[in-house]
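Undergrad: Below are the sequence and a predicted model; questions follow.
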Amino acid sequence: MKSEEHQKREERWKAEKDLEERKLLWDQEQKIMFCNTSNMDESQRAYVKAMRQQIATAKEALVKASGGGSTSEQGSGGDADEAESLM
């Protein structure tokens, strides 16, 4: 009985932790994707551009891995595990 309760609590805790991590990642991605680069120097702009590309590539790979990509793009690359590691 206690072990079942403990297991349920742990599963709930893991789910809440995963949700919180995804929220934090979402917030970070939004800040990068929508930040104003007009007041940045060239190296800062290059960093933001690279991060935006990395985020976009990861999202594209997730869409393809979930079957959302078109058939002409299926063989063009993008590993779901790699995409998750980028996020």
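TA: Structure received.
Undergrad: and the longest helix seen in the chain, which residues are buried?
TA: Identified as the longest helix of the chain according to DSSP state H is helix 2-33. For helix 2-33, a neighbour-count test (16 or more other Cβ atoms under 10 Å) marks 29, 32 as buried. Yep, even glycine has a C-beta here, placed from its N, CA and C like the rest.
Undergrad: what angle do the helix or strand that it is followed by and helix 2-33 make?
TA: Toward the C-terminus, helix 2-33 is succeeded by helix 42-65 as the next helix or strand (DSSP states H and E). If you take axes from the mean of the first three to the mean of the last three Cα atoms, to 10 degrees, helix 42-65 sits at 130 degrees to helix 2-33.
Undergrad: low pLDDT regions in this structure?
TA: 1, 69-87 (pLDDT under 70).
Undergrad: Now do the domain split for it, please.
TA: Annotated domains of the chain cover 1-34, 37-87 [automatic domain parsing].
Undergrad: Against residue 33, how distant is residue 66?
TA: Counting by Cβ to Cβ, to the nearest Å, the separation of residue 66 from residue 33 is 20 Å.
Undergrad: Residue 62 too?
TA: 15 Å.
Undergrad: can you check residue 17 too?
TA: 24 Å.
Undergrad: Let me see the contact set for residue 45.
TA: residue 37 (Cβ atoms under 8 Å, 6 or more residues apart in numbering).
Undergrad: Could you rerun that using 10 Å?
TA: Residues near residue 45 by Cβ atoms under 10 Å, 6 or more residues apart in numbering: 37, 38.
Undergrad: if I look at it, how far off is residue 56?
TA: 16 Å.
Undergrad: now swap in residue 41 and tell me
TA: With Cβ to Cβ as the criterion, residue 41 and residue 56 are 23 Å apart.
Undergrad: That's all I had, so thanks and see you.
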